[in-house]
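A.B. asks: Fold the following and give me the result.
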Amino acid sequence: DPEAEGAVRGWYAQAVQTIKDYCCNRFEMLVGSLAERAPVKVGLVIEEHGKIVDEITAVKDLVEPCFPPKYGILDLFAGTYHEQVVELVQERLMNKLVATLSTRDIIDIVAWIRDYHGQLEGLGLEVTPVLTDNLEQLLQQYNFQTESMLRSWVARILDEDLKSAPESDTDGRLYTIASIDLFKMIEQQFEVADALGLERSLFNLAMTVTNVLDDYRSNVATVIAEEWPRLGVEHICAQVNNSNRCVDGCFDLLDSLQERLSPENLENVEIQRVADDFTGISKLGATVLSNMVMNDLALVMQQRLFSVKWYTEEDLVSRCIVATISDYAEEWKEFLMETYLRKTLSELMDRLVVAWLAQLLNPKRQDASGLVIDTGYARTVGEDVQLVEECFEELGLPAKMRAPRIDVLRRFHALIETIVDLPPSDTEASVRLFEWYQESESAVKGLDTDTVARVLRLHSMSDAKFRHQALMRLNGMVHARDLGDDADNDA
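C.D. replies: Numbering: from 1, shown residues only. So this is what the prediction gives:
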């Protein structure tokens, strides 16, 4: 019967189509229907897909032996189901619904895909495409979700941190909790990323963390630089101390990345640079703490330093200055780590020296006071220099850090004493001034003969002509020396 013979010949194709229809319908019922719209219950999808793998295993054990090998019945089941998995992953999870997946979802999906291919390999099956070879969209979403979460958290952490009072740690210094929480959260993210088992994901996370740490450091720096008047000493000291914890946290992170990343990837992660940048917080902290002191001293130094009452010691202005410095510094000694205390004292001493010299060299201040340089003036300046040095010594600033700063004041005290004892001859006077100039250049940065002129105008025994002639000769001597130095260098 030709009709029956045709029906027999069409049996295989019909059977294949029936099996395919069955597989598609069953997959959609168990798995596909769970991923039609957000939110996707990824755990349930994975659980239901396990039933599909169980069925493929049953086909291998129970069905395949009943068919001739040329029918490829196991490959038919596995291949059809795999087509559905590919559509589910690539079209739905990695495309339409990817933006709705959490980082935990993505990690579970990657682990599921890896396990799924492992199970097929265990059954002796090869399917294409291999989904683990193309996870770019999932990983991009994972990186986006992680970075968004970290940036959002870092944006809030400092605001919350500043609402709580700093607390003393075991070393007695002040800290806040933000830096500890920050690096705990970062480590947790790496532990999560470890579950992906992909170095690419760990590398991307390391790059994200680098940016997030930069953001946090920038936020701290901005708050300290712009909001220091309202923060108070305690919070500024705590944030400075926190920066040391951040440096330590960066180095711990770098150690862990050496175990997680290849040398080629590790060299592109700038955690070392981030650690170095965190040290800049201490410099900024020293600046704003010094701002507090210098703001309090501004009127005292502008109105009372180098005044008649300063000269007669009727107004103990210099003792008032060092007392104010001591009051602030005693707080710093209680709150700041020793290293940062020394940095802050160094900057404050720099600022004090500059402010002191600015008043000494200010022509308007000189004219307003009506003072002239004499032995009494030189004596009072010498006492000021001694007070400043003793103050910073008592506060614990090491001698090697005090010396170059106090030496600047000593050099100007020496200039004042030189001017007091200037001989009446402008020629001899210029020689004395030149000797002081040569001895002082290395100690006083940016020293020029105009600085000498500003002090010399206070000389009690000199007139304008004398000063002019002495300075002209001084300029000539300096110029001749410089020309000689240039000639020696050329030679």
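A.B. asks: Where does the prediction get shaky in the stretch 251-400 of the chain?
C.D. replies: Across the stretch 251-400 of the chain, nothing is flagged by pLDDT under 70.
A.B. asks: let's see it at 80
C.D. replies: The model of the stretch 251-400 of the chain has pLDDT under 80 over residues 366.
A.B. asks: how about the helices in it?
C.D. replies: 263-266, 271-303, 308-312, 317-335, 338-360, 363-369, 375-394, 399-420 (DSSP state H, counting those that start in this stretch).
A.B. asks: just checking, what packs against the last one?
C.D. replies: The helices and strands touching helix 399-420, judged by 3 or more C-beta pairs under 8 Å, 6 or more residues apart in numbering; DSSP states H and E, are helix 338-360, helix 375-394, helix 426-440, helix 449-456. For glycine as for every other residue, the C-beta is placed from the backbone atoms N, C-alpha and C.
A.B. asks: just to revisit the earlier point, including mean neighbour count and distance to H235, could the helices of the stretch 251-400 of the chain go into CSV?
C.D. replies: Shown next, in CSV, are these (neighbours: other C-beta atoms under 10 Å; distance: least, C-beta to C-beta, whole Å):
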stretch, mean neighbour count, distance to H235
helix 263-266, 12, 36
helix 271-303, 18, 10
helix 308-312, 15, 36
helix 317-335, 18, 10
helix 338-360, 19, 14
helix 363-369, 14, 36
helix 375-394, 18, 25
helix 399-420, 19, 26
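A.B. asks: How far does stretch 29-36 stretch from one end to the other?
C.D. replies: With C-alpha to C-alpha, to the nearest Å as the measure, stretch 29-36 spans 11 Å from end to end.
A.B. asks: which residues are in contact with it?
C.D. replies: Stretch 29-36 is touched from outside by 40-41, 44-45, 48-49, 51-52, 84, 88, 92-93, 97, with contacts defined as C-beta atoms under 8 Å, 6 or more residues apart in numbering.
A.B. asks: Buried only: go through these for me.
C.D. replies: Using 16 or more other C-beta atoms under 10 Å as the burial test, the contacts of stretch 29-36 include 40, 45, 48-49, 52, 84, 88, 92-93, 97 as buried.
A.B. asks: Farthest pair within those?
C.D. replies: I52 and L97 (19.6 Å; C-beta to C-beta).
A.B. asks: Strands along the stretch 151-300 of the chain, start to end?
C.D. replies: Remark: strands assigned in the stretch 151-300 of the chain by DSSP state E, counting those that start in this stretch are 167-168, 174-175.
A.B. asks: May I see those strands arranged in CSV, with mean neighbour count as well?
C.D. replies: Formatted as CSV, these follow (neighbours: other C-beta atoms under 10 Å):
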stretch, mean neighbour count
strand 167-168, 12
strand 174-175, 23
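A.B. asks: Take the ones you listed and write them to CSV, including mean pLDDT.
C.D. replies: Below are the strands of the stretch 151-300 of the chain laid out as CSV (pLDDT from 0 to 100):
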stretch, mean pLDDT
strand 167-168, 88
strand 174-175, 92
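A.B. asks: So for T18, which of those sits nearest?
C.D. replies: So among those, strand 174-175 is nearest, using C-beta to C-beta, at 70.9 Å.
A.B. asks: Could you name the helices and strands sitting against that closest one?
C.D. replies: Under the contact rule (3+ C-beta pairs under 8 Å, 6+ apart), strand 174-175 is packed against strand 167-168, helix 233-260.
A.B. asks: Tell me the strands beside it, with direction?
C.D. replies: In the sheet, strand 174-175 lines up against strand 167-168 (antiparallel) (DSSP bridges).
A.B. asks: Show me which residues of stretch 224-238 are buried.
C.D. replies: 224, 228, 231, 233-238.
A.B. asks: could those go into CSV alongside distance to Y71 and pLDDT?
C.D. replies: Shown next, in CSV, are these (distance: C-beta to C-beta, whole Å; pLDDT from 0 to 100):
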residue, distance to Y71, pLDDT
I224, 75, 92
W228, 81, 86
L231, 79, 86
V233, 84, 92
E234, 81, 92
H235, 77, 92
I236, 79, 93
C237, 79, 93
A238, 75, 93
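A.B. asks: With respect to Q272, which of the residues you listed is nearest?
C.D. replies: Nearest to Q272 among the buried residues of stretch 224-238, with distances taken as C-beta to C-beta, is I224, at 23.0 Å.
A.B. asks: Neighbours of L456, how many?
C.D. replies: By other C-beta atoms under 10 Å, 23 other residues sit near L456.
A.B. asks: One more: the one 3 residues further on?
C.D. replies: When neighbours are counted by other C-beta under 10 Å, H459 registers 19.
A.B. asks: Just confirm it contacts R467, I think it does.
C.D. replies: Yes. Proximity of H459 to R467 meets the contact threshold set by C-beta atoms under 8 Å, at 6.9 Å.
A.B. asks: From L88, how far off is G122?
C.D. replies: Distance of G122 to L88, computed by C-beta to C-beta, to the nearest Å: 21 Å.
A.B. asks: In helices only, show me the buried ones among the contacts of stretch 29-36.
C.D. replies: 45, 48-49, 52, 84 (DSSP state H).
A.B. asks: how far is the helix or strand hosting A480 from where the chain is centred?
C.D. replies: Assessed by DSSP states H and E, A480 sits inside helix 464-490. Offset of helix 464-490 from its chain centre (C-alpha atoms, centre = their mean, to the nearest Å): 48 Å.
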